[in-house]
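> Got a sequence here, can you model it:
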Amino acid sequence: MQPDYLMTGNIGTMNSPDELLQAYTALFLFLGGSVSMSPGESGLPHLCDAGLLRNLPVGSTNNRFEAASRLLKSPCPFKQQCHLAVGNNYSSLLAGNETAEAYPAASHWIRTGRSAEEHHLELSELYKRYGYSRAEEGGLSADHLGIQLLFANLLIEKYLTEDDFEIRAMIGRDLLDFINNQMLNWIPRWAEAVSGSSKTKCYTGISGLIAGGLEDVRDILKGQKLGL
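The predicted structure is shown next:
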């Protein structure tokens, strides 16, 4: 049974765990692009300043998710100024490398005793095992949040479409392990840093949706029989 605080957006009744996970794939696809691409490429400023993110594909009372959702519901009264502010905020917070205030890559937030290159190689091997080709788009590293979100999305899709129970359980365990040990070990701190440094509600909201959404998916998976 799924946690009782989850439902897909615009539906007043509870949904199955699989329906909730499917709704999160749509959200993670959008969120991955929001932290990987410039605002002009992702179309994020228009979505934020028009208040269009009030129509999220999934709803939750996870504290992070709920607070982020509230931020993103109201439109900006000064469109052009908001567009410029979001663009400038992206440049200072997320773009470039370690000079960004909240660069979204695991190696900037955790120290494992291994080099970043070793960590990237380990992730790349995991990605290859599941046929995930990152194609080094935009020069993003294997531990970049946008890359990790897209990989989590791939695993969710594979989990939802696999008919063999044992293979489905294995995918579910890998997905749960990836979220716990490769994402939630740094993303909540990153989201707090974004919230503390952001000059717009847009990226504060986006970071909260990412952290809260991953916590929700973790909780859904923990409620499933994964052969543990």
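> any idea how far residue 59 is from residue 213?
11 Å (Cβ to Cβ, to the nearest Å). Glycine gets a C-beta too; all of them are placed from N, C-alpha and C.
> Neighbour count: those two, which is higher?
Comparing residue 59 with residue 213 by other Cβ atoms under 10 Å, the one with more neighbours is residue 213, at 24 against 19.
> Report the rounded mean pLDDT for the host helix or strand of residue 160.
Using DSSP states H and E, the element containing residue 160 is helix 145-161. Across helix 145-161, pLDDT averages out at 95.
> Show me which positions of it end up buried.
For helix 145-161, a neighbour-count test (16 or more other Cβ atoms under 10 Å) marks 145-156, 158-159 as buried.
> what's the lengthiest helix in the chain packed up against?
Ranked by residue count and defined by DSSP state H, the top helix of the chain is helix 201-222. For helix 201-222, the elements it packs on are helix 17-36, helix 44-49, strand 58-60, helix 63-72, helix 79-93, helix 145-161, helix 165-178, helix 187-197, judged by 3 or more Cβ pairs under 8 Å, 6 or more residues apart in numbering; DSSP states H and E.
> Check the average confidence over that helix, would you?
On average, helix 201-222 scores 93.
> gap between it and the chain center?
6 Å (Cα atoms, centre = their mean, to the nearest Å).
> buried stuff in that helix?
201-221.
> Taking their axis directions, it and helix 145-161 sit at what angle?
30 degrees (axes from the mean of the first three to the mean of the last three Cα atoms, to 10 degrees).
> Okay, angle between helix 201-222 and helix 79-93 too, please.
Using the same axes, to 10 degrees: helix 201-222 against helix 79-93 is 60 degrees.
> could I get helix 201-222 in CSV with only the CA atoms?
Only the C-alpha atoms of helix 201-222 are listed here, as CSV (Å, rounded to 0.1, in the frame of the first residue of the first chain):
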residue,chain,number,x,y,z
LYS,A,201,11.0,31.4,-5.8
CYS,A,202,11.5,29.4,-9.0
TYR,A,203,14.7,27.6,-8.1
THR,A,204,13.8,27.4,-4.4
GLY,A,205,10.6,25.6,-5.5
ILE,A,206,12.3,23.4,-8.1
SER,A,207,14.9,22.2,-5.5
GLY,A,208,12.2,21.4,-3.0
LEU,A,209,10.2,19.4,-5.5
ILE,A,210,13.3,17.4,-6.3
ALA,A,211,14.1,16.5,-2.7
GLY,A,212,10.5,15.9,-1.7
GLY,A,213,9.7,14.0,-4.8
LEU,A,214,12.7,11.6,-4.3
GLU,A,215,11.6,11.1,-0.7
ASP,A,216,8.1,10.2,-1.9
VAL,A,217,9.4,7.7,-4.5
ARG,A,218,11.7,6.1,-1.8
ASP,A,219,8.7,5.7,0.5
ILE,A,220,6.5,4.2,-2.2
LEU,A,221,9.2,1.7,-3.1
LYS,A,222,9.8,0.8,0.6
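> Sounds good, over and out.
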